[in-house]
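Sequence plus predicted model, see below.
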Amino acid sequence: MTDFNKYNPYPGRFSIRCPRCGGEATFDFPFELLNEWSEELESWRVDTTVEILRWGGWFVVAKHPDLFPWKEPSGGYRRSDQGVCYCQNCSTRFEHLLEWPSDAYFYCEVKGKLLWAWSREHVKVLKSFIQSKNRKIEDYPGYGLFLHHIPKHFMLAKNRDLVVKKLEKLLTL
């Protein structure tokens, strides 16, 4: 899978391998910036575990204020790879520096190349997309950016059956 960067951002929350027990865990970025017209703002307002602050023209949702209190950045906000790992297997919640894709929980190797997905749902969509004969990204609303970055290696007809088999195995995790 191609690398994601500031132009191809990570989703807000996704699956990683727990650094403590190796099980499936969730990685969450500590802050979400929303404008006043965001539909998500109202749903955050009812969550008593977060803090909502004003910063310039933005609302900052501090999702983990006990681990990451909001500090106004100088020179603008830029999301880092620092966040929170939640693991239900070992019942922990802790600060974690993301190292993608080595932290990915859903990944496999296909003929020497690494293929990864953000979550179980992304694996299902990826499998369906690769199996599809027409492969129209617009048939997968909400997953376009993810599907657009699948390297050609995994899309080749000669690799299709192996890729699908590996993705099916990921779904058993």
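Looks like it arrived, so ask away. Residues are numbered from 1 along each chain as shown.

where in the chain is pLDDT low?
1-9 (pLDDT under 70).

Can you show me the helices along it?
Taking DSSP state H as the test, the helices found in the chain are 40-45, 120-131, 144-148, 152-155, 157-170.

who wins for proximity to residue 32 among those helices?
The closest of the helices of the chain to residue 32 is helix 40-45. By CB to CB, the value is 7.6 Å. To be clear about C-beta, it is placed using only N, CA and C from the backbone, and glycine gets the same treatment.

Provide the contact partners of that closest one at residue level.
Helix 40-45 is contacted from outside by 32, 34, 50, 52, 59, 61, using CB atoms under 8 Å, 6 or more residues apart in numbering.

Select from the residues you listed the one having the most neighbours.
The residue in these with the most neighbours, by other CB atoms under 10 Å, is residue 61 (23 neighbours).

quick one, which of the helices of the chain is packed in tightest?
Mean neighbour count (mean count of other CB atoms under 10 Å) peaks for helix 120-131 among the helices of the chain, with a mean of 18.

Quick one: list the elements packing against that one.
Where contact means 3 or more CB pairs under 8 Å, 6 or more residues apart in numbering; DSSP states H and E, helix 120-131 is packed against strand 106-110, strand 113-117, helix 144-148, helix 157-170.

go again using 10 Å as the cut-off
Secondary-structure packing of helix 120-131 (3 or more CB pairs under 10 Å, 6 or more residues apart in numbering; DSSP states H and E): strand 13-17, strand 106-110, strand 113-117, helix 144-148, helix 152-155, helix 157-170.

Taking strand 113-117 as reference, get the angle to that helix.
Angle of helix 120-131 versus strand 113-117, following axes from the mean of the first three to the mean of the last three CA atoms, to 10 degrees, is 130 degrees.
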